[in-house]
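>>> Provide a 3D model corresponding to the input given below.
(one chain, ligands or ions: 1)
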Amino acid sequence: MSERLKPDPVPRRSFLSIAGLGTLALAGVGALAGMVRLLKPYVYPEPMARFRLGRPDEFPPGTVKVVPERSIYVISEPEGVAVISLVCTHLGCIVAPADKGFDCPCHGSRFDPKGRVLRGPAPRALLWLEVSQAADGSLMVDANREVKPNTWYRG
Ligand code: FES
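As a prediction, this is how the structure comes out:
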C-alpha cells in the first residue's frame, strides 16, 4: 500500500469536530466565569457623605481645624461654624492649608482663607459644605450639599 492511501491517524473531519467542540467549551467556561464574577459587587463603598463633626463646644470661635480623613477644613468664628472642602475644584487633588489660604500641590492653584481662587488653574472657589445639627446636638456635615460661601451655622 502506498503512503498516499494510508488512512490518517485522526480523520480530518473528526479533528475539526473535536477542535470546534473544544473551542465552544472554552467559550462557555469563559462566559460562565464572567457571569459568576458579576454576582460579586465590585463597588467600593465611599465614605458617608453626611457625617458627624463633633459637639459644638469642640469648636469655640477662633477654631480652625483640618479633618484630613474627611478632606475638610472647619472654621469657627463669632458668626458660626463653617466647613470648607479641601478638594481642589480643578482636578480634585486635596489642597493643603498654607500661610494665607490653601495651596494645591498638583497644578499650583492657590486659594485664600475663605477658599476663593487667588491663582488658577482652579476654575472656582473651594466648596463650602452644609453644616447642621443632629438630634443629639452634634454638628453634622453633608459633603454632598454645597452652600454659598460665608454661610455660617449658628446652631
Ligand atoms: S488639581 Fe488643584 S490645581 Fe489642578
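>>> residues from this structure in reach of the ligand?
Within the chain, the residues that sit near the ligand (CB under 6 Å from any ligand atom) are Cys88, His90, Leu91, Cys93, Cys104, Cys106, His107, Gly108, Ser109, Pro121, Ala122. No exception for glycine: its C-beta is placed from N, CA and C like everyone else's.
>>> And the buried ones among the residues you listed, selectable in ChimeraX?
Selection of the buried residues among the residues of the chain next to the ligand in ChimeraX, burial being defined by 16 or more other CB atoms under 10 Å:
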select :88,90,104,109,122
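>>> can I get the residues of the chain next to the ligand in JSON lines with pLDDT and secondary structure?
Listed next are these as JSON lines, based on pLDDT from 0 to 100; DSSP: H, G, I helix; E, B strand; the rest coil:
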{"residue": "Cys88", "pLDDT": "92", "secondary structure": "coil"}
{"residue": "His90", "pLDDT": "90", "secondary structure": "coil"}
{"residue": "Leu91", "pLDDT": "88", "secondary structure": "coil"}
{"residue": "Cys93", "pLDDT": "91", "secondary structure": "coil"}
{"residue": "Cys104", "pLDDT": "93", "secondary structure": "coil"}
{"residue": "Cys106", "pLDDT": "91", "secondary structure": "coil"}
{"residue": "His107", "pLDDT": "91", "secondary structure": "coil"}
{"residue": "Gly108", "pLDDT": "91", "secondary structure": "coil"}
{"residue": "Ser109", "pLDDT": "93", "secondary structure": "coil"}
{"residue": "Pro121", "pLDDT": "91", "secondary structure": "coil"}
{"residue": "Ala122", "pLDDT": "90", "secondary structure": "coil"}
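>>> okay if I get the residues of the chain next to the ligand as JSON lines plus distance to Pro9?
Formatted as JSON lines, the residues of the chain next to the ligand follow (distance: CB to CB, whole Å):
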{"residue": "Cys88", "distance to Pro9": "70"}
{"residue": "His90", "distance to Pro9": "69"}
{"residue": "Leu91", "distance to Pro9": "64"}
{"residue": "Cys93", "distance to Pro9": "66"}
{"residue": "Cys104", "distance to Pro9": "71"}
{"residue": "Cys106", "distance to Pro9": "66"}
{"residue": "His107", "distance to Pro9": "68"}
{"residue": "Gly108", "distance to Pro9": "72"}
{"residue": "Ser109", "distance to Pro9": "73"}
{"residue": "Pro121", "distance to Pro9": "71"}
{"residue": "Ala122", "distance to Pro9": "73"}
